[in-house]
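Colleague: this one's sequence-less:
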């Protein structure tokens, strides 16, 4: 490999400057604010860790992200499999549907779920017909989870599909020719080959979910708020920007922790294929 | 409270703190970013912060267009209204808008945080203002009320008429919703618990939260946006709720079976705010003086169902409509007005406790 020379530095220069000005510097400012700036203090971190609600919401955020990731995986894997394995018109159509849902505004999707799950929606009508006169569907953890899964499912499908598309079908034929049943060929050949996609999809969905808050606020109950919502509240309503910065830092560190585990197990470079 | 406004900026010398504040006030900068992009020479343009939707539309017809035409000024609107952004702009001295509106409690809070430009008497002719229309150096615009509203088809034999009724889940069963607004929800709780309207402030917080505990399981959702509140009642997600009077009237005019209760409504006086330190302050004050005049204010209040805070505006509003406004004497008499000074001092602490209470 050649040693990077001046030209290499020039090539990465603009991007580096951009990232420094618009990402590293603001992040540094957040860190600075979270410790009270020049009047150094850890009181914001103290407040965070001594308030049971914040700890609970942080835990709930990670739990929600976990559940949503798991559901996305269970729903997304078969879809990606069908697209990659059968391709053609059906695969193209499925890919289009997945991409379209990704391009629709998340607010529109949240309001659509409000209609579907609401009092005049089909779900409540069905439950009424089944004998529950006053079912609670909207403004529950269930509704918030559905909304998040709908939002993040495309990321999972895309990530898994990207890896599956590169699996050579000859591997499966080889397994069959050696006497493997389709199930056994899938389990011992296809599944292990597709695992990097699964891990990528899970990390993507998990991390995006950690920073989300509008959907659970609109669809869930008061207990379903995620940590990003509390941070927004500190900025917008309580004007406590120091605490908001400290909360953001805690979320950032926790997220980096997840990435570190991922890096140790799989390797970060795998994230991009 | 907010620890970022401890030192007023008197000097212009660039010290470490100043550098830090101007150079890197990132949360603030993020909120006020478009101002950096906008050239500073646009001095004949006034930027007004509005609530968006029909608010902006009607304010444009009543205030912005006539004022702009008469003074050869371009008025541009930006929404939504954000207290955090008001503070961010003053801190970073990057002004995205020059004028905004705040209810009296917010005004008291803004005054305490030093976010209000002092009244410029070289521009504003006080003799042309209605009596008692200046608070914290800001000029009054209109009043809006948050009322108890219920679905009439759910309660054909008469619905809840007070917050005590709202709390009475045996007599008036059904789903409920309240605005996620600490000062207001706590006041309603105290009224429900039998505290007289004129003895609400300062809040007995423990008593208020104890009363709120009783209603919490019956609150299906804590609403935060006007349109959301309408959707909740229109679709029958809830059977009774707190709602802004203008939003409720819109539903009723839309043939939604709903009734608005003026009794124990919270009436908030909204004032125009000129953002502290804005380079277009003089123009802003000229605008505010214009907006307070009886006729434009009448036009705006009439279409928005707000109560004009210039009594002469009523000369331009038909009586049938005036009776539906918060400041109509019969309505105002049974409403209550929050204690802005006390709320301004305590809002942060109330909000902190209330938001935690809601989420647990």
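Modeller: Received, thanks. Since the model is a prediction, treat every value here as computed from it, not as a measurement. Numbers count the residues shown, from 1 in each chain, chains lettered A, B, ... in the order given.

Colleague: so who does residue B:209 touch?
Modeller: B:186, B:189, B:353, B:357 (CB atoms under 8 Å, 6 or more residues apart in numbering or on different chains). C-beta here means a position set from N, CA and C on the backbone, and glycine is covered the same way.

Colleague: Unless I misread the structure, residue B:259 falls within a strand.
Modeller: Yes. With DSSP: H, G, I helix; E, B strand; the rest coil as the criterion, residue B:259 is located in a strand.

Colleague: Tell me, how many residues neighbour the closest residue to it other than its chain neighbours?
Modeller: Closest residue to residue B:259 apart from its sequence neighbours, by CB to CB, 6 or more residues apart in numbering or on different chains: residue B:152 at 5.1 Å. As a burial measure, residue B:152 scores 13 neighbours (other CB atoms under 10 Å in any protein chain shown).

Colleague: wait, doesn't residue B:152 sit right on residue B:258?
Modeller: Yes. Counting by CB atoms under 8 Å, residue B:258 is a contact partner of residue B:152 at 6.4 Å.

Colleague: Name the helix or strand for residue B:263, please.
Modeller: Assigned by DSSP states H and E, residue B:263 falls within strand B:258-274.

Colleague: what does the stretch 201-350 of chain B have sitting close to chain A?
Modeller: B:220, B:221, B:222, B:224, B:231, B:235, B:236, B:237, B:348 (CB under 8 Å from any CB of the partner chain).

Colleague: Now do the phi/psi pair for the fourth one.
Modeller: Okay, so that is residue B:224. phi -130, psi -20 (degrees, to the nearest 10).

Colleague: That one reaches residue B:178, doesn't it?
Modeller: No. Residue B:224 is beyond contact range of residue B:178, at 10.7 Å (criterion: CB under 8 Å).

Colleague: Compare neighbour counts for these two and give me the winner.
Modeller: Higher neighbour count among residue B:224 and residue B:178: residue B:178, with 27 against 12, using other CB under 10 Å.

Colleague: and the more buried one, which of the three is it?
Modeller: strand.

Colleague: Touching, it and residue B:185? I think so.
Modeller: Yes. Between residue B:178 and residue B:185 there is a contact at 5.3 Å, judged by CB under 8 Å.

Colleague: picking up where we left off before, ok, of the contacts of residue B:209, which come out buried?
Modeller: Buried subset of the contacts of residue B:209 (neighbour count, 16 or more other CB atoms under 10 Å in any protein chain shown): B:186, B:189, B:357.

Colleague: Name the surrounding residues that touch the strand or helix carrying residue B:100.
Modeller: Using DSSP H and E, residue B:100 sits in strand B:99-103. The contact list for strand B:99-103 (CB under 8 Å, 6+ apart) reads B:46-51, B:81, B:83, B:86, B:110, B:138, B:141, B:268-275, B:284, B:287-288.

Colleague: now with 6 Å?
Modeller: B:48, B:49, B:81, B:110, B:268, B:270, B:272, B:273, B:274, B:284 (CB atoms under 6 Å, 6 or more residues apart in numbering or on different chains).

Colleague: Which of the residues in that strand are classified as buried?
Modeller: By neighbour count on 16+ other CB under 10 Å, the buried set for strand B:99-103 is B:99, B:100, B:101, B:102, B:103.

Colleague: coming back round to it: pick the one among the buried ones among the contacts of residue B:209 closest to residue B:148.
Modeller: Nearest to residue B:148 out of these is residue B:189 (CB to CB; 13.0 Å).

Colleague: give me every residue that touches that closest one.
Modeller: B:208, B:211, B:212.

Colleague: Of those residues, which belong to strands?
Modeller: Among the contacts of residue B:189, no member is found in strands (DSSP state E).

Colleague: Would you convert the residues you listed into TSV that also reports distance to residue A:152 and pLDDT?
Modeller: What follows is those, written out as TSV (distance: CB to CB, whole Å; pLDDT from 0 to 100):
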residue	distance to residue A:152	pLDDT
B:208	39	97
B:211	40	98
B:212	35	97
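
Colleague: Return the member of those residues nearest to residue A:69.
Modeller: residue B:212 (35.5 Å).

Colleague: wait, what's in contact with residue A:42?
Modeller: For residue A:42, the contact set (CB under 6 Å, 6+ apart) is empty.

Colleague: Please repeat the previous calculation with a cut-off of 10 Å.
Modeller: Residues near residue A:42 by CB atoms under 10 Å, 6 or more residues apart in numbering or on different chains: A:34, A:35, A:36, A:48, A:49, A:246.

Colleague: per-residue pLDDT, it?
Modeller: Per-residue pLDDT puts residue A:42 at 94.

Colleague: distance of it from chain B?
Modeller: Using CB to the nearest CB, to the nearest Å, residue A:42 is found at 14 Å from chain B.

Colleague: Report the secondary structure state of residue B:147.
Modeller: Residue B:147 - assigned by three-state DSSP - is strand.

Colleague: Fine by me, we can end here.
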